[in-house]
Each structure stands twice: as C-alpha cells, then as structure tokens.
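Engineer: A predicted structure for the sequence below; I have some questions about it.
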Amino acid sequence: MTRTLALLLAALGTASAHTEVTVVSPTPTLPVSAPKAVLLQFSEPVNLRFASFRVLPMPSAKTPAEVAKMALALKPDSPQLVNTGGLLSGMAAKLSLPLKPNLKAGPYLIAWAVLSEDGHPVTGQSLFRVR
C-alpha cells in the first residue's frame, strides 16, 4: 500500500511539472560574434502555435523583466526585433530562431512565452552580448 501511494505521488508530481528552458544559446556568460540564430531547448515539447519568441537589443535603462514584457507585446514583424521568420506551428522541444545578419555589438534579450503541457503559461528571458 505504501509503495503504491509513493508511486502515485511521484506520478502526480511529474504530471504537474511546468515546462522549463534547459538550454539557451548564446549564453549570457561570454560575448559572442554576431550569431545567425538563437537556440532554445525545453524540458518537453511545446505547442509553437501558442508560443511567442522575441529577440531584441537590450536598452540600458530597463530591467530584463521590463524589456521581456514589452518584447512579448510586440507583433512578430516589429522592426524592433532582430529575430526573423514567420509564424511557427507544430510541437517542438528544440527551437532555432534565425536572426537578422550583422547584429551590432551590445546586449540582446531573448524573451519567450509558452504553455506548459498542463496549460499553465511559462515566460522567461535570457541575455547575450555581441562583441
């Protein structure tokens, strides 16, 4: 009985876990030459139809959270964005976002909003620096 209860609780804990970003490239730790794309990897596949991804230059007077909120409110074709490509669809745990060529030196913010498998919204952001 105790073993059955432990297995049931373990299964419930797994089912209620939210999607997490497990890999972001470029990373915030080392400046990079202008990348051609940004890579995001999630702990589980996400429905790209209900996801938003934005990459833009990081203004110096704002916090990453403020810029991420503003970025996610932008339309996908906003001239402020440096990521390119059209609407995404399907399910994917790994995503490559093409970037405009020849990014200028400075900090950039990657912002995302996805739905977890359990329907909860998950947002996040990461920074990288072009040298």
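Structural biologist: All right, it came through fine.
Engineer: please, where are all the helices along the protein?
Structural biologist: For the chain, the helices defined by DSSP state H occupy 2-15, 64-73.
Engineer: comparing the ones you listed by mean pLDDT, which bottoms out?
Structural biologist: Mean pLDDT values for the helices of the chain show the minimum at helix 2-15, a mean of 44.
Engineer: could you measure from the most centrally placed residue in the chain over to residue 60?
Structural biologist: Taking CA atoms, centre = their mean, the centroid of the chain lies closest to residue 112, which sits 3.7 Å from it. Counting by CB to CB, to the nearest Å, the separation of residue 112 from residue 60 is 22 Å. The way it works is simple: take the backbone N, C-alpha and C, and place the C-beta from them, glycine included.
Engineer: again with residue 87
Structural biologist: Separation of residue 87 from residue 60 (CB to CB): 31 Å.
Engineer: residue boundaries of the strands in the protein?
Structural biologist: For the chain, the strands defined by DSSP state E occupy 21-25, 37-47, 52-57, 91-98, 106-115, 121-130.
Engineer: now the ones you listed in TSV, with distance to residue 79?
Structural biologist: As requested, the strands of the chain are exported to TSV (distance: least, CB to CB, whole Å):
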stretch	distance to residue 79
strand 21-25	24
strand 37-47	18
strand 52-57	10
strand 91-98	16
strand 106-115	15
strand 121-130	18
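Engineer: between the ones you listed, which one is nearest to residue 76?
Structural biologist: Judged by CB to CB, the one of the strands of the chain that comes nearest to residue 76 is strand 52-57, at 7.8 Å.
Engineer: what pairs with that closest one, and is each one parallel or antiparallel?
Structural biologist: Using DSSP bridges, strand 52-57 pairs in its sheet with strand 106-115 (antiparallel).
Engineer: between the strand it pairs with and strand 21-25, how many degrees?
Structural biologist: Strand 106-115 and strand 21-25 meet at an angle of 150 degrees, taking axes from the mean of the first three to the mean of the last three CA atoms, to 10 degrees as the criterion.
Engineer: with just CA atoms, put strand 106-115 into PDB.
Structural biologist: In PDB, the C-alpha atoms belonging to strand 106-115 read as follows (Å, rounded to 0.1, in the frame of the first residue of the first chain):
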ATOM      1  CA  GLY A 106      25.900  45.200 -27.400                       C
ATOM      2  CA  PRO A 107      23.400  43.300 -25.200                       C
ATOM      3  CA  TYR A 108      20.400  41.500 -26.600                       C
ATOM      4  CA  LEU A 109      17.400  40.000 -24.800                       C
ATOM      5  CA  ILE A 110      15.700  36.700 -25.700                       C
ATOM      6  CA  ALA A 111      12.100  36.500 -24.400                       C
ATOM      7  CA  TRP A 112       9.700  33.600 -24.600                       C
ATOM      8  CA  ALA A 113       6.100  32.700 -23.500                       C
ATOM      9  CA  VAL A 114       4.900  29.100 -23.900                       C
ATOM     10  CA  LEU A 115       2.100  27.000 -22.500                       C
END
